[in-house]
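**Student:** 3D model of this:
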Amino acid sequence: QVQLVESGGGLVQAGGSLRLSCAASGRTFSRYTMAWFRQAPGKERTFVAQISWSDSSTYYADSVKGRFTISRNNPKNTVYLQMNSLKPEDTAVYYCAAREYSSYDYWGQGTQVTVSS
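**Tutor:** So this is what the prediction gives:
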């Protein structure tokens, strides 16, 4: 079992930056692939970024590539999402997720990010 708690959301102007954090419980955090998803009002939840457990390789949605960076600190059981050059269309609730195998089975409660124009 893994429990995830996100933090770091807030209101920022377009062009600004935010860093989201996701604190995980559980002794096997280092074996989970971690990811960030987001859900804008009236839209489906979509993938943002992923970092593997094995070699910390990363993968990004095209919409955030070059602006967002996902990273993890295994001793601190924490994954981060550094978001730069934010745009109004980045406004969403951001969710942290974890998977050990093929599907993301564990989710946080979400943190709101609002980007004003």
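**Student:** need the contact list for residue 35.
**Tutor:** Counting by Cβ atoms under 8 Å, 6 or more residues apart in numbering, residue 35 makes contact with 47, 48, 49, 50, 51, 70, 96, 97, 98, 99, 104. C-beta here means a position set from N, CA and C on the backbone, and glycine is covered the same way.
**Student:** swap in residue 52?
**Tutor:** Residue 52 is in contact with 33, 58, counting by Cβ under 8 Å, 6+ apart.
**Student:** ok, it to residue 32 distance?
**Tutor:** Here residue 52 is placed at a distance of 9 Å from residue 32 (Cβ to Cβ, to the nearest Å).
**Student:** Kindly report the same for residue 15.
**Tutor:** 33 Å.
**Student:** Comparing those two, which residue is more hemmed in?
**Tutor:** The residue with more neighbours, out of residue 15 and residue 32, is residue 32; 26 against 11, by other Cβ atoms under 10 Å.
**Student:** That one contacts residue 100, doesn't it?
**Tutor:** Yes. At 5.5 Å, residue 32 counts as touching residue 100 under the criterion of Cβ atoms under 8 Å.
**Student:** Please report how far residue 83 lies from residue 100.
**Tutor:** According to Cβ to Cβ, residue 83 stands 26 Å off from residue 100.
**Student:** Show me which of those two is the more surrounded one.
**Tutor:** Ranked by neighbour count (other Cβ under 10 Å), residue 83 and residue 100 place residue 83 first, with 27 against 14.
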